[in-house]
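Q: With the input below, show me the fold.
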Amino acid sequence: MRPFRVVLILCACTVMMVIGRWSQAQSHTGKETAVVEFTDKTKVMGAVLYGKYFVVHDEARMAKGEPCLFIYRYNEGEPLDQIEGQSGRLIVSFRCRHVDRSAAREPVLTLGMTSGADPSVLFELREIQLPGSTVGHQVPSL
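A: Numbering: from 1, shown residues only. So this is what the prediction gives:
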């Protein structure tokens with residue numbers, strides 16, 4: 001059983017390095033945005049993500065103590081400026097915790113192994129860092 005765990009951990013590290021792709025970085029509005037692709041089923045705050053999503057971090061909302069990280073459903077080629085704020089597209093939102101990091105050139109996703117009942121979902125998002133940012137956004141525990 002121990003070799004299996006080691007293989008799973010190595011796979012998680014590999015997925016963490018290659019899973020994210022981005023199309024848009026930090027703007028001048030105090031918001032960071034990116035399109036991120038989850039290539040494996042990944043749990044985020046109880047929601048299971050697979051495919052492409054539009055991620056927004058809003059610094060002003062964080063300063064007010066409100067949910068500040070939003071993950072929206074994304075369809076290829078869609079104008080990004082029309083996605084944010086559409087409640088029907090919102091998958092999950094939460095108030096993150098900042099962690100200082102070195103600058104990222106593309107999204108950096110930190111994943112952990114799940115211990116849930118669904119064996120098809122192996123990964124859980126623990127932290128996301130968006131392109132151009134020196135801050136990681138930790139996902140709160142449920």
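
Q: what about stretch 94-111, start to end distance?
A: 17 Å (CA to CA, to the nearest Å).

Q: so what's the residue nearest in space to the middle of the chain bridging to?
A: Computing the C-alpha centroid of the chain and ranking residues by CA atoms, centre = their mean puts residue 128 first, at 4.7 Å. Per DSSP bridges, residues listed as beta-bridge partners of residue 128: residue 109, residue 137.

Q: And it, how close does it get to residue 77?
A: With distances defined as CB to CB, to the nearest Å, the gap from residue 128 to residue 77 amounts to 23 Å. For every residue, glycine as well, the C-beta is placed using N, CA and C.

Q: ok, the residue nearest to residue 91 when sequence neighbours are not counted - contacts?
A: The shortest distance from residue 91 to any residue other than its chain neighbours is 4.8 Å, reached at residue 71 (CB to CB, 6 or more residues apart in numbering). Counting by CB atoms under 8 Å, 6 or more residues apart in numbering, residue 71 makes contact with 44, 47, 49, 53, 54, 55, 90, 91, 92, 93.

Q: Quick check: beta-bridge partners of residue 71?
A: Going by DSSP bridges, residue 71 is paired in beta bridges with residue 55, residue 92.

Q: Pull up the per-residue confidence for it.
A: With respect to pLDDT, residue 71 scores 97.

Q: how far away is it from residue 103?
A: Plainly put, residue 71 is 22 Å away from residue 103 if you go by CB to CB.
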